[in-house]
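S.K.: Predicted model, plus sequence, below.
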Amino acid sequence: MEFMDQTAELRGRYRTSRETWPDFIKEARNNPLLERRLSDFEVGCLVAVHSPYTFEHVMIVPDFLSGEGAIQNITDLSRDGLNGFLRFNADVARVLSVDPTLRVVDLGYNFTTDSSDRRKLASVPDRLHSHVVGYTQEELSRAINQQDLRKHPQWRPGMYDPLQLLYHEVLKHQVIDQLRGQNPAFDGLFTQTVSGHNGLTYLFKKGIDGFYDPDLGGILRSLHQMGQTAYNELVSCFCVVNPDNGQFVESSGRRFELLPQDDRLSRIKQYFKQHPWLSEDHRSTLANLARRIKTEDRVIETAVAKSERFKDRELTLEERKQVTRDTIDRVWAIKDFAYTAVWSWAGEGWYFGFDPRVFSATGIPVSGRAGVSKVFWRTGEVFSEHELASAQQFEQELVISLTK
């Protein structure tokens, strides 16, 4: 399958005014569109999305039957609960994929522990949930090429992630290749297709039936756990680790505290010895990063100083806050391991993508794997009554299809 060098410019809208949004988990527990038992301990809640990309957009939120505790990531689910969660997603996606008006269907979940309000890594850090989204031809009709997208004032500053190919190499060697050796079921479900700016992309060989394979949950759990381990190993070359508990130490700005430059360079050299397969380009990238990486205070002060030079005056307190928010969203290092796991269908075959974020949230988010990659941002607009009715009609028909 050829992946097009295009990006659909989809402007997400709000279902209702943000001021009216209820608590995420309370809404899932109290007002689900549909509940399904996932295991003896877990339940899945199909819920409406308050900030949807399309009219055909829902979430599935797994929860403990007891209503106590939080499911933060897939490793918190039991084996049966994870398999049930995946099957619930597949059942919803199957309904969408037979809808003749939908050209593309995506489903997947994000993982992050970072509570920052990040435009490019949407998630609820303390609650695992998945998205299933269908796109009509009309909704994909505004496709533009990458060169034009680079001119867009909102996305141009964050188009390039210099570490993207580096962490693809690290994750492929330390996670994917090891996982394939440890779990023969991987090759029964996945065949790699392309990499590079499309991330780690695989043909999901069994199609939507692959979601019912009992080995899939174990593979995804291993991706999560092994990815975290690889992240910790790399980031420990840059950041302070508490010797008592092995956890990274937070800085005053609530990121991870940086090691002194000499320590960073020393640890990077040791990392190179332990990873002889690392390419020369990526060795150079890491060595330069170890020399030049800055604390969050220096990053913000640099951005403030640049803005003040441009305005030729000192910034007001509100302007300084805005520069800080923009800087955090655009260039701040993600705190802790983060990734997106997504499956996509566009009429033929399902494709799986695994997009880890090691340090940076910059770069175009690869939100789909079949055909057109998609970029979203908010207009601030709320659905009209007609649009809201259309979304609700889709949800009602979806529930009827799932309960037949």
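M.R.: Thanks, I have the structure now.

S.K.: burial measure for residue 284, as a count.
M.R.: Counted by other C-beta atoms under 10 Å, the residues lying close to residue 284 total 10. C-beta: built from backbone N, CA, C; applies to glycine.

S.K.: actually residue 324, not the one I wrote
M.R.: Neighbour number of residue 324 under other C-beta under 10 Å is 17.

S.K.: Surely it is within a helix?
M.R.: Yes - under DSSP: H, G, I helix; E, B strand; the rest coil, residue 324 falls within a helix.

S.K.: Spatially, which residue comes closest to it, not counting chain neighbours?
M.R.: Nearest non-adjacent residue to residue 324, counting by C-beta to C-beta, 6 or more residues apart in numbering: residue 300, 5.4 Å away.

S.K.: So that neighbour, which state does it fall into?
M.R.: Taking three-state DSSP, the label given to residue 300 is helix.

S.K.: pretty sure residue 381 contacts residue 13?
M.R.: Yes - with contact defined as C-beta atoms under 8 Å, residue 381 counts as touching residue 13 (5.0 Å).

S.K.: who's more crowded, these two?
M.R.: residue 13 (18 against 11).

S.K.: low-scoring pLDDT stretches of this protein, where are they?
M.R.: By pLDDT under 70, the low-scoring segments of the chain are 1-6, 115-123, 146, 150, 152-162, 194-199, 253, 328-334, 358-367, 371.

S.K.: how's it carved up into domains?
M.R.: Annotated domains of the chain cover 6-158+374-402, 164-331 [automatic domain parsing].

S.K.: tell me the most buried of those?
M.R.: domain 6-158+374-402 (a mean of 17; mean count of other C-beta atoms under 10 Å).

S.K.: roughly how far out does it sit from the chain middle?
M.R.: 12 Å (C-alpha atoms, centre = their mean, to the nearest Å).

S.K.: before we move on, the earlier item: what's the separation between the residue nearest to residue 324 and residue 190?
M.R.: 41 Å (C-beta to C-beta, to the nearest Å).

S.K.: residues contacting the residue nearest to residue 324?
M.R.: Each residue near residue 300 by C-beta atoms under 8 Å, 6 or more residues apart in numbering is listed here: 323, 324, 327.

S.K.: Spell out the residue ranges of the helices in the stretch 1-150 of the chain.
M.R.: 24-30, 79-97, 146-149 (DSSP state H, counting those that start in this stretch).

S.K.: mind listing the strands in the stretch 301-404 of the chain by residue range?
M.R.: 338-345, 350-357, 373-382 (DSSP state E, counting those that start in this stretch).

S.K.: mind saving the C-alpha coords of the first one as CSV?
M.R.: What follows is strand 338-345, C-alpha atoms only, in CSV (Å, rounded to 0.1, in the frame of the first residue of the first chain):
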residue,chain,number,x,y,z
ALA,A,338,4.3,8.3,25.7
TYR,A,339,2.9,6.8,22.5
THR,A,340,-0.1,6.3,20.3
ALA,A,341,-1.3,2.9,19.1
VAL,A,342,-3.6,3.2,16.1
TRP,A,343,-5.2,1.0,13.5
SER,A,344,-6.6,2.3,10.2
TRP,A,345,-8.8,1.1,7.4
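
S.K.: quick thing: my sequence starts at 645, can you match it?
M.R.: I'll keep to 645 as the first residue from here, and by that count the last item is strand 982-989.

S.K.: Show me what it is packed against.
M.R.: Using 3 or more C-beta pairs under 8 Å, 6 or more residues apart in numbering; DSSP states H and E as the contact test, the elements touching strand 982-989 are helix 723-741, strand 746-755, helix 860-879, strand 994-1001.

S.K.: With the last one instead?
M.R.: Helices and strands touching strand 1017-1026, as assessed by 3+ C-beta pairs under 8 Å, 6+ apart, comprise strand 650-658.

S.K.: So what touches the strand it packs on?
M.R.: Counting by C-beta under 8 Å, 6+ apart, 694-698, 779, 783-784, 786-790, 793, 796, 1008, 1016-1027, 1031 sit against strand 650-658.

S.K.: mind running it again at 6 Å?
M.R.: 695, 697, 784, 786-789, 793, 1016-1020, 1022-1023, 1025-1027 (C-beta atoms under 6 Å, 6 or more residues apart in numbering).

S.K.: any idea how far residue 874 lies from residue 689?
M.R.: Residue 874 is 32 Å from residue 689, by C-beta to C-beta.

S.K.: got it, and residue 901?
M.R.: Residue 901 is 38 Å from residue 689, by C-beta to C-beta.

S.K.: Please apply the same query to residue 1014.
M.R.: Counting by C-beta to C-beta - residue 1014 and residue 689 are separated by 27 Å.

S.K.: try residue 795
M.R.: For residue 795 relative to residue 689 (C-beta to C-beta), the value is 41 Å.

S.K.: what do you get for residue 981?
M.R.: Distance from residue 981 to residue 689, by C-beta to C-beta: 26 Å.

S.K.: same question, residue 679
M.R.: Counting by C-beta to C-beta - residue 679 and residue 689 are separated by 6 Å.

S.K.: who touches both of the two?
M.R.: Going by C-beta under 6 Å, 6+ apart, no residue sits against residue 679 while also sitting against residue 689.

S.K.: what's the burial count for residue 988?
M.R.: 27.

S.K.: That one and residue 752 touch, don't they?
M.R.: No - under the criterion of C-beta atoms under 6 Å, residue 988 makes no contact with residue 752, lying 8.3 Å away.

S.K.: Residue 783 is in contact with residue 697, isn't it?
M.R.: No - using C-beta under 6 Å as the test, residue 783 is too far from residue 697 to be in contact (8.0 Å).

S.K.: Bridging across strands, which residues link to the most centrally placed residue in the chain?
M.R.: Nearest residue to the geometric centre of the chain (C-alpha atoms, centre = their mean): residue 984, 3.2 Å. Assessed by DSSP bridges, residue 984 has beta-bridge partners residue 754, residue 999.

S.K.: So it versus residue 689, what's the distance?
M.R.: With C-beta to C-beta as the criterion, residue 984 and residue 689 are 21 Å apart.

S.K.: repeat for residue 988
M.R.: On the measure of C-beta to C-beta, residue 988 and residue 689 end up 24 Å apart.

S.K.: measure residue 856 to residue 832 for me?
M.R.: From residue 856 to residue 832 the distance is 13 Å (C-beta to C-beta).
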